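1. curious how this folds, go ahead:
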Amino acid sequence: MPRIRCHYEDCVFLEEKYCGAAAVEIDPDSGCLTYSQVDEAEAVEAEEWEEELADAEEEEDDLYEDEDEEEDWDEDDDDEYE
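-> Numbers count the residues shown, from 1 in each chain. Have a look, this model is predicted:
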């Protein structure tokens, strides 16, 4: 199924920069007729959710970096005793 990249930032059908509507109607002169603007409350909520998701991903990346550092430390420790 083809995916349509959406350039509207406040459409209710926007899903990670792509249109999530089941059907899309496009007029060459006026653009997307399926477009429906998100109300302000929904837009703020979506923005907060995206920020929380980004924060969670950063924390996860930090966790993996810590694990990599611990592995390096363990390897260095083993070399000293040989």
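2. for C19, which residues are in contact?
-> With contact taken as CB atoms under 8 Å, 6 or more residues apart in numbering, C19 is in contact with 3-6, 11, 13, 32, 34. For glycine as for every other residue, the C-beta is placed from the backbone atoms N, C-alpha and C.
3. could I get the pLDDT score of it?
-> What the model reports as pLDDT for C19 is 92.
4. who does it bridge with?
-> Beta-bridge partners for C19, by DSSP bridges, are L14.
5. can you give me the strands for this structure?
-> For the chain, the strands defined by DSSP state E cover 14-15, 18-19, 26-27, 31-32.
6. and E51, which of the ones you listed is closest to it?
-> strand 14-15 (16.4 Å; CB to CB).
7. who's in contact with the closest one?
-> Residues contacting strand 14-15 (CB under 8 Å, 6+ apart): 6, 8, 20.
8. can you check stretch 24-35 too?
-> 4, 6, 8, 11, 13, 19, 21, 23.
9. could you turn the buried ones of those into a PyMOL selection?
-> To isolate the buried members of the contacts of stretch 24-35 in PyMOL, using 16 or more other CB atoms under 10 Å:
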select buried, resi 6+11+13+19+21
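10. switch the contacts of stretch 24-35 over to TSV; also include distance to E51.
-> Shown next, in TSV, are the contacts of stretch 24-35 (distance: CB to CB, whole Å):
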residue	distance to E51
I4	26
C6	21
Y8	20
C11	19
F13	21
C19	23
A21	25
A23	31
